[in-house]
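**Q** For reference, the sequence and a predicted model appear below.
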Amino acid sequence: MTISDKYFVKQGTDSFQDFTVKFNGLTILKIDNFDKKGKAKNIYTQSWVNSSSEDVFVPDVVYFEQPDLDITFMVTDSYNTAIDVQSVHDSFIDYMTTHKVTIKSLYAMKQADFVCLAEYKPTLTKVKRSAGNNYITGTITMHRVTPNTTVAE
């Protein structure tokens, strides 16, 4: 089962495209932490050895760290045997790791910009098999660089 018409991606001023349309053979299995909120960066606490309470400073404006997003996916030729699994996989990884991308989620009704800061390696690679039996699975970690913004659609 593929998640289609729910997650969209673009670079720069390009138009949003469904992941599964942009990369034929790609199936998004899940996207974790899209709506996650990072921990506060500028709230300070101090605990003391001889006290059960803490000193706390909360500024007028609280800023938060930007969390990571995990995209678990599979590239397969089981639905279309003309797909070159290795080529589609490499294209997807290159697209996601070499540019800042904007990802839009119609589940969360939000969008944000992401970059890949973490290393990547496929979870499982099964290629050079008979047509319809090739696949590569993986999880790529993307770091959010802008706050989530509400999508009007």
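**A** That came through fine.

**Q** What is the longest helix seen in the chain packed up against?
**A** Secondary structure of the chain per DSSP state H: the longest helix is helix 85-97. Using 3 or more C-beta pairs under 8 Å, 6 or more residues apart in numbering; DSSP states H and E, the elements in contact with helix 85-97 are strand 68-76, strand 135-144. Any C-beta I mention is one placed from the backbone N, CA and C, and that applies to glycine too.

**Q** List the buried residues in the last one.
**A** What that stands for is strand 135-144. Within strand 135-144, the residues that count as buried by 16 or more other C-beta atoms under 10 Å are 135-142, 144.

**Q** I'd say K22 and Y7 touch.
**A** No - counting by C-beta atoms under 8 Å, K22 stays clear of Y7, with 10.5 Å between them.

**Q** related to what we said a few turns ago, now the angle from the helix or strand just after the longest helix of the chain to helix 85-97?
**A** Taking DSSP states H and E as the definition, the helix or strand that follows helix 85-97 towards the C-terminus is strand 101-105. Going by axes from the mean of the first three to the mean of the last three C-alpha atoms, to 10 degrees, strand 101-105 is angled at 100 degrees with respect to helix 85-97.

**Q** In PDB, could you pull the C-alpha coordinates for whichever helix or strand comes after strand 101-105?
**A** The helix or strand immediately downstream of strand 101-105 is strand 110-115, counting by DSSP H and E. This file holds the C-alpha atoms of strand 110-115, laid out as PDB (Å, rounded to 0.1, in the frame of the first residue of the first chain):
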ATOM      1  CA  LYS A 110       1.300  22.000   7.300                       C
ATOM      2  CA  GLN A 111       4.500  22.500   5.400                       C
ATOM      3  CA  ALA A 112       8.200  23.300   6.200                       C
ATOM      4  CA  ASP A 113      11.700  23.400   4.800                       C
ATOM      5  CA  PHE A 114      14.100  20.600   5.400                       C
ATOM      6  CA  VAL A 115      17.700  19.700   4.700                       C
END
